[in-house]
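Q: give the three-dimensional model of this entry:
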Amino acid sequence: MSRDRDLDEFGEFAAWALRDLRRTAYLMCGDWYLAEDVAQEALIRVYRSWHRIRRRESLPGYARQTVVRLVIDERRRPHRREVLDAETPTAPVGDVTGEVDERHRVLAALAGLPPRRRACVVLRFHLDLSVAETARVLGCTEGTVKSQTSAALQHLRVTLDDPTLVRSEP
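A: As a prediction, this is how the structure comes out:
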């Protein structure tokens with residue numbers, strides 16, 4: 001009976017968390033297919049630990065931390081460092097409002113960041129985590145989060161040529 005209840009609870013949590021986990025993974029890796037795989041792998045790992053987790057309110061943070069670590073680990077694998085030489089044969093068609101083009105510019109700029117800096121930006125500004133929460137998720141010091149975030153924002157300012165990007169940590 002308890003196993004059925006656990007399975008039901010996990011099913012509810014997975015249905016609630018999957019979209020956000022997938023979006024976080026995508027912002028970190030820029031690949032929807034990889035993001036889907038990472039989000040699913042994170043949920044598998046949460047399920048394996050389900051019976052040991054007593055504080056259910058910590059589940060979103062645990063799952064998010066798992067996603068971040070999986071994306072960073074995936075980027076370290078040798079097959080991910082391969083680069084294709086051929087250019088895409090067709091040029092993309094711009095959208096009328098410019099919103100999609102702008103989103104692509106931002107995602108391309110994020111893709112140019114090293115994994116840890118990208119994780120800092122996604123966790124701090126997309127998920128709105130504090131410096132301390134980001135440090136806990138990444139397993140580093142608050143000073144590292146601040147310096148990595150600062151360097152990432154400077155890179156994004158230059159890449160996007162946008163001086164209005166956040167200039168200081170609150």
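Q: report the helix or strand with the lowest average pLDDT across this structure.
A: helix 99-111 (a mean of 83; mean pLDDT, DSSP states H and E).
Q: quick one: buried residues of stretch 66-74?
A: 66-72, 74 (16 or more other CB atoms under 10 Å). Quick note: C-beta positions are derived from backbone N, CA and C, even for glycine.
Q: quick check: buried residues in the least confident helix or strand of the chain?
A: So for helix 99-111, counting by 16+ other CB under 10 Å, buried means 109-110.
Q: report the angle between the lengthiest helix in the chain and helix 99-111.
A: Ranked by residue count and defined by DSSP state H, the top helix of the chain is helix 2-29. For helix 2-29 against helix 99-111, the angle by axes from the mean of the first three to the mean of the last three CA atoms, to 10 degrees is 90 degrees.
Q: packing partners for helix 2-29?
A: helix 32-49, helix 59-76, helix 115-121 (3 or more CB pairs under 8 Å, 6 or more residues apart in numbering; DSSP states H and E).
Q: from residue 113, how far off is residue 127?
A: Remark: distance between residue 127 and residue 113 (CB to CB, to the nearest Å) = 16 Å.
Q: kindly apply the preceding question to residue 135 instead.
A: For residue 135, the distance to residue 113 - CB to CB - is 18 Å.
Q: circling back: can you put the buried residues of stretch 66-74 in TSV and add pLDDT and distance to residue 33?
A: Listed next are those as TSV, based on pLDDT from 0 to 100; distance: CB to CB, whole Å:
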residue	pLDDT	distance to residue 33
66	92	18
67	93	15
68	90	18
69	90	19
70	92	14
71	90	13
72	87	18
74	81	12
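Q: what is the nearest of the residues you listed to residue 109?
A: residue 71 (17.2 Å; CB to CB).
Q: who's in contact with the nearest residue to that closest one once chain neighbours are set aside?
A: Residue nearest to residue 71 in three dimensions, not counting chain neighbours: residue 28, with 4.4 Å by CB to CB, 6 or more residues apart in numbering. Contact analysis of residue 28 by CB atoms under 8 Å, 6 or more residues apart in numbering lists 35, 67-68, 71-72, 115, 118-119, 122.
Q: rerun that using 10 Å as the cut-off
A: 34-35, 38, 67-68, 70-72, 74-75, 110-111, 113, 115, 118-119, 121-123, 126 (CB atoms under 10 Å, 6 or more residues apart in numbering).
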